[in-house]
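J.: for reference, the sequence and a predicted model appear below.
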There are 2 protein chains.
Amino acid sequence: MSTPILAASRRTRRTPFSTRVEAAGVKGYTVYNHMLLPTAFRSVVEDYHHLKQHVQVWDVGCERQVELAGPDAARLAQLMTPRNLGKVVVGQCAYVPLVDEAGRMINDPVLLKLAEDRFWISVADSDVVLWAKGLAFGLGLDVAVFEPDVWPLGIQGPRSDDLAARIFGEEVRAIRFFRFAELAFEGHDFVVARSGWSKQGGFEVYVDDAEKGQALYDALFAAGQDLQVHAGCPNLIERIEGGLYSYGNDMTIEHNPLECGLEKYCRLDGDHDFMARAALEKIVADGGPQRQMRGVTFEGDDCPACVEAWPLLANGHVVGSVTSAAYSPDLSTNIGFAMVDRSAWDIGREVTIETPAGNRQGKVAAIPFI
Amino acid sequence: MSTPILAASRRTRRTPFSTRVEAAGVKGYTVYNHMLLPTAFRSVVEDYHHLKQHVQVWDVGCERQVELAGPDAARLAQLMTPRNLGKVVVGQCAYVPLVDEAGRMINDPVLLKLAEDRFWISVADSDVVLWAKGLAFGLGLDVAVFEPDVWPLGIQGPRSDDLAARIFGEEVRAIRFFRFAELAFEGHDFVVARSGWSKQGGFEVYVDDAEKGQALYDALFAAGQDLQVHAGCPNLIERIEGGLYSYGNDMTIEHNPLECGLEKYCRLDGDHDFMARAALEKIVADGGPQRQMRGVTFEGDDCPACVEAWPLLANGHVVGSVTSAAYSPDLSTNIGFAMVDRSAWDIGREVTIETPAGNRQGKVAAIPFI
């Protein structure tokens, strides 16, 4: 198979950073929330090693924000997620599975509580804005629902604090995990959160002004030369090692959050009002999920691209499917995520994976890998 | 700027025809409804000439269907569009702008009335299923809303009837424009509609079984050798010539349907119940849209790719933006679509277009061009 190019059009929107990303030599793009998301710069493996040692600046402008603002904003936010938002305070980020009335996953975003009556939902790849708009209209809620022009910029890697401090000042170091603060750069206040789609630490800067964001981008590179700063992006290998699922790859509307191992975000004990409550209570009453996300390790020093789910077998029977996979240089094995039936989901279980490059022997593993 | 590849992952879903499309030498892909959509085979220009002379088979599996089924299906469908669905009969396709309560475009799909209480909405690039699910839940409607696994296959071009007749029999010729019939191939009944995203005539086959769809694909190519059948896809040049807008390119949630020239689908005179009624009535009462979609022709025998909106100027002032553009070999000029302010929207008005390749002189033109 040849490698088709990504044809450009206005519909697959560029971000304020795309020109800079291309000057930095982006090798591949994917489309995420109708926007461009880089997937590799030097190579996925080189980017991986660099991310774990240094610091990278990521164009994650495709993380669209769905803003809920108004008297019913908190009620709508709570309705969409089984997580109890009652204890989330202004200035806090919260990972919130969004789940419909049948208990199915709609998205798995991070919610930012900007004010008691104002939230940003930083969404994975589905049009959450349309779901929220439909709910708000149907229920007659007093809330504005829209996608503001906000393009997150990631600062990720072990030297993230050092780089961010040179731009935003030492106070950036005091931001706790999954908290955010408003910090000034060149006279503009940016929402800066300690978060990001890697396990290497770092920040996400919510850029709400394209021009000032570009100045910020350039300043980060100018200030980080001695830190070996480089353009980067979410890294397939690192995110699997760290146990970061991808909506659309590892979980879809076909799954419920208990299957996805997200039970800690599904609080059925509180009295908060969310639309998935009855569906999730029934799953629990019926004995819990019958399949669940697991890690898999499997033989070989190479790994084909997982572009369609691979059958997972135990004793010759299909017991699940692998949805993301990569070779991990640091673990010296192939690793992946799989949805596995209860009959075979015990850690250590021997399994066979049908990859396009042939069958591979492997084992069920715990998540995260590292 | 180099040309980044499209990185493959399960999230940007393949269709049952992707392997065949790649064997046919697909040159470029875009991502549409989280799925792969081919954009060129031999080249956009070669594909254009071929499409206008012969017959092509298109993998438009990315045209996801949103199924509405149940007692409130018709009520929900009507709520989402200003078009009066009262006269649409079973077996009919209807182009239906989907418009929210503020009069903003959500999508511009084709609706298929499968039964009095069952519809498919064949959507452009946005997650209409989420909007419909939110509305149904919020309003407490008795309707199932979901995306069935249906992958349309296009047969497009002047020889479409001849090719389709060899597969489905002579009765396929009797299908009227925007009507569909169920026709058998190898014992399986396919929904076959006279429709498609070109102006060259043809059909869309709604493939609801991957394996039987692949057999159909292969049979079309085997039967069409002497008709010079080739793999094809929606063609940028042909669709601009023919006046086919693209949601996400030419119209977005920032536009209302009157700005998009869709007033014939916005029937404010009926008593049908749709959520955009008050918003559209207000626009009309306030004097109608203040900008509207127009064609533009402009100088040069080449046309850069329009990946971001280009400013359109009249007398030195910005009066609009160009959102799609291409050089038309048959018209021997550059053509495009633009959203143009009332002050400059008269046909023939001289304008300047700021393209990445420099300013070009042009004129406002009627749509379609051919």
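T.: Received the coordinates, thanks.

J.: find the closest residue to chain B in chain A.
T.: Closest contact between chain A and chain B, by CB to the nearest CB, is at residue A:138 (1.7 Å). Where you see a C-beta, it was placed from the backbone N, CA and C, and this is true even at glycine.

J.: where's that residue, which helix or strand?
T.: Residue A:138 is part of helix A:128-139, with elements assigned from DSSP states H and E.

J.: list the buried residues in the helix or strand just after that helix.
T.: Using DSSP H and E, the helix or strand that follows helix A:128-139 in sequence is strand A:144-146. Under the neighbour-count criterion of 16 or more other CB atoms under 10 Å in any protein chain shown, strand A:144-146 has residue A:145 buried.

J.: domain-wise, how is chain A divided?
T.: With domains defined by automatic domain parsing, chain A comprises A:18-63+A:150-240, A:291-370.

J.: possible to save those as JSON lines with distance to residue A:276 and mean neighbour count?
T.: Shown next, in JSON lines, are the domains of chain A (distance: least, CB to CB, whole Å; neighbours: other CB atoms under 10 Å in any protein chain shown):
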{"stretch": "domain A:18-63+A:150-240", "distance to residue A:276": "23", "mean neighbour count": "20"}
{"stretch": "domain A:291-370", "distance to residue A:276": "17", "mean neighbour count": "18"}
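
J.: can I get those in a markdown table with distance to residue B:115 and mean pLDDT?
T.: Below are those laid out as a markdown table (distance: least, CB to CB, whole Å; pLDDT from 0 to 100):
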| stretch | distance to residue B:115 | mean pLDDT |
| --- | --- | --- |
| domain A:18-63+A:150-240 | 32 | 98 |
| domain A:291-370 | 33 | 97 |
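
J.: will you turn those domains into TSV that also has distance to chain B?
T.: Below are the domains of chain A laid out as TSV (distance: least, CB to the nearest CB, whole Å):
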stretch	distance to chain B
domain A:18-63+A:150-240	4
domain A:291-370	4
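
J.: circling back to that earlier point, so the residue of chain A closest to chain B makes contact with residue B:139?
T.: Yes: assessed by CB atoms under 8 Å, residue A:138 is found in contact with residue B:139 at 4.3 Å.

J.: residue A:339 touches residue A:318, doesn't it?
T.: No: in this structure residue A:339 lies outside contact range of residue A:318 using CB under 8 Å: 11.4 Å.

J.: may I have the helix of greatest length in chain A as PDB, with CA atoms only?
T.: The helix that spans the most residues within chain A, counting by DSSP state H, is helix A:210-223. C-alpha atoms of helix A:210-223 as PDB (Å, rounded to 0.1, in the frame of the first residue of the first chain):
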ATOM      1  CA  ALA A 210      -4.100  33.700  17.500                       C
ATOM      2  CA  GLU A 211      -1.600  36.500  17.100                       C
ATOM      3  CA  LYS A 212      -0.500  36.500  20.800                       C
ATOM      4  CA  GLY A 213      -0.400  32.700  20.700                       C
ATOM      5  CA  GLN A 214       2.000  32.800  17.800                       C
ATOM      6  CA  ALA A 215       4.200  35.200  19.700                       C
ATOM      7  CA  LEU A 216       4.100  32.800  22.600                       C
ATOM      8  CA  TYR A 217       5.000  29.900  20.400                       C
ATOM      9  CA  ASP A 218       8.000  31.700  19.100                       C
ATOM     10  CA  ALA A 219       9.000  32.800  22.500                       C
ATOM     11  CA  LEU A 220       9.000  29.300  23.800                       C
ATOM     12  CA  PHE A 221      11.300  28.200  21.100                       C
ATOM     13  CA  ALA A 222      13.600  31.200  21.500                       C
ATOM     14  CA  ALA A 223      13.800  30.600  25.300                       C
END
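
J.: in the stretch 101-250 of chain A, which spans are strands?
T.: Counting by DSSP state E, counting those that start in this stretch, the stretch 101-250 of chain A has strands at residues A:105-107, A:110-115, A:118-122, A:144-146, A:151-156, A:180-185, A:188-193, A:202-207, A:230-232.

J.: so which of those strands gets nearest residue B:349?
T.: Residue B:349 lies closest, by CB to CB, to one member of the strands of the stretch 101-250 of chain A: strand A:144-146, at 33.0 Å.
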